[in-house]
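Novice: Everything below, folded, please.
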Amino acid sequence: QVRLVESGGGSVQAGGSLRLSCAASGYTYTMAWFRQAPGKEREGVALIFRTGSTRYADSVKGRFTISQDNAKNTVYLQMNSLKPADAAMYYCAAAARGASLREYDYMYWGQGTQVTVSS
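Specialist: Got it, this is the predicted structure:
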């Protein structure tokens, strides 16, 4: 069982930046960030493999950067040029093998951290 603990959410004005962190209690191979806005389905934002390879949703390419510290089993999501459309609950997810940006690929989930973006 892997426990995930997110931090770093908050409120920011449009155009601003936030950095999310997610610490895992054990080994993971793929770590990802998902988000869910009220009334919408949860969507994959970005993922990173233990090798360092990354994938991004088209909606965040060029604005968000996912990175990791394997020694700390921690993944980060740097979010720049935030838009009101980015406002959502952000969830960290982890898998013990390679995965995609589909939520059913992930066994482990954090509790979420709220991101609010005002216009």
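
Novice: if I look at the most centrally placed residue in the chain, how far off is S119?
Specialist: Nearest to the geometric centre of the chain sits W33, at 2.2 Å (CA atoms, centre = their mean). W33 sits 23 Å away from S119 when distances are taken as CB to CB, to the nearest Å. Bear in mind the C-beta positions are built from the backbone N, C-alpha and C, glycine included.

Novice: hmm, back to that, I'd guess the residue nearest to the centre of the chain is in a strand, am I close?
Specialist: Yes - counting by DSSP: H, G, I helix; E, B strand; the rest coil, W33 is part of a strand.

Novice: and it, bridged to which residues?
Specialist: A46, C92 (DSSP bridges).

Novice: now the strands for the chain?
Specialist: 4-7, 10-13, 18-24, 30-36, 43-49, 54-56, 64-69, 74-79, 88-95, 108-109, 113-118 (DSSP state E).

Novice: Test my guess that the residue nearest to the centre of the chain contacts A94.
Specialist: No - counting by CB atoms under 8 Å, A94 is not a contact partner of W33; they are 10.7 Å apart.

Novice: sorry, back to before: quick one: closest of the strands of the chain to L101.
Specialist: strand 43-49 (2.8 Å; CB to CB).

Novice: Next, the angle from the closest one to strand 18-24.
Specialist: Between the axes of strand 43-49 and strand 18-24, defined by axes from the mean of the first three to the mean of the last three CA atoms, to 10 degrees, the angle is 60 degrees.

Novice: and strand 43-49, how far from the chain's centre?
Specialist: Taking the mean of its C-alpha atoms, strand 43-49 sits 6 Å from the chain's own mean (CA atoms, centre = their mean, to the nearest Å).
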